[in-house]
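1. Quick one, what's the 3D model for this:
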Amino acid sequence: MERLGTASSWEFAAFLKTPTGPLIEVRTLMRDDACDPSQDVHASAARGNPIVVHHNHLTQQSLSFPDWDGLCSIFSETFAHCADGTVYWGKVVSHADVLRVRAKAQNVELDATNALAKELGYQPDSAIVAEFFRKEVVNRAMLLCGFVEYEHAWGKGFALPYVRPGQTALGKPAGAFGSAIDHEIDLSAQAIAPCL
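-> Now for the predicted structure:
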């Protein structure tokens, strides 16, 4: 999926009934920011089948609120794979709490950005870095609160994140930057967790 995504600048997803299969479908909407499941996957979830999704994140950013929306309504687990080898994984523990945080997503992400910029010491690029890793801060804060199960593994590859028109480039792969500021991300998550 990562190679297909990098070559085409599209997100792809594979939907499975359990972590080990069987495969229901592989899909792309030919977009760089989404890959929603078909009605077949929705119907399978409605029948009570646990659905696990593996998809690529071209931007190399962490799980987004739309990813958590899918986990609150359709999926039991999600994995986001990035071209640099970074992988994010999530599962909802408390749907009500995740949806409550989702309702104030804009403010929560702004708080996460500000907390990380503060931890980074307001260096020249700290605003760009903090904006990029805001989702990671939010996800770790939701983990601290017990709302989700969440893990990440920083990649060691050299592929740069995909940059959408109008966005500022990070300049390094997410894994290289993330591993360098992992402690600051944790401190920022601790700072915003009580506000969730």
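
2. Could you check stretch 67-81 and say which residues are buried?
-> For stretch 67-81, a neighbour-count test (16 or more other Cβ atoms under 10 Å) marks 67-68, 70-72, 74-81 as buried. For glycine as for every other residue, the C-beta is placed from the backbone atoms N, C-alpha and C.

3. That stretch: end-to-end distance?
-> End-to-end distance for stretch 67-81: 13 Å, by Cα to Cα, to the nearest Å.

4. Can you give the distance from that stretch to the centre of its chain?
-> 10 Å (Cα atoms, centre = their mean, to the nearest Å).

5. Mind checking the pLDDT average for that stretch?
-> Mean pLDDT, stretch 67-81: 95.

6. next one: stretch 39-47
-> Mean per-residue pLDDT for stretch 39-47: 89.

7. among the buried residues of stretch 67-81, which are in helices?
-> 67-68, 70-72 (DSSP state H).

8. Can you mark which positions in the longest helix seen in the chain are buried?
-> Taking DSSP H as the criterion, the chain has its longest helix at helix 105-119. For helix 105-119, a neighbour-count test (16+ other Cβ under 10 Å) marks 108-109, 111-117, 119 as buried.

9. Quick one: low-confidence residue ranges for this protein.
-> 1-8, 19, 32 (pLDDT under 70).

10. residue nearest the centroid of it?
-> Closest residue to the average C-alpha location of the chain: Leu63 at 1.3 Å, with Cα atoms, centre = their mean.

11. what residues are up against it?
-> Counting by Cβ atoms under 8 Å, 6 or more residues apart in numbering, Leu63 touches 78, 80, 88, 90, 135, 139, 150.

12. Next, it: secondary structure please.
-> With DSSP: H, G, I helix; E, B strand; the rest coil as the basis, Leu63 sits in coil.

13. Pull up the gap between it and Leu71, please.
-> Applying Cβ to Cβ, to the nearest Å, the value for Leu63 to Leu71 is 8 Å.

14. Pop out the phi and psi values for the closest residue to Ala159 other than its chain neighbours.
-> Nearest in space to Ala159, with sequence neighbours left out and distances taken as Cβ to Cβ, 6 or more residues apart in numbering, is Ala83 at 3.7 Å. The phi/psi pair for Ala83 (degrees, to the nearest 10) reads phi -60, psi -20.

15. For Ala83, give its distance to Lys118.
-> According to Cβ to Cβ, Ala83 stands 30 Å off from Lys118.
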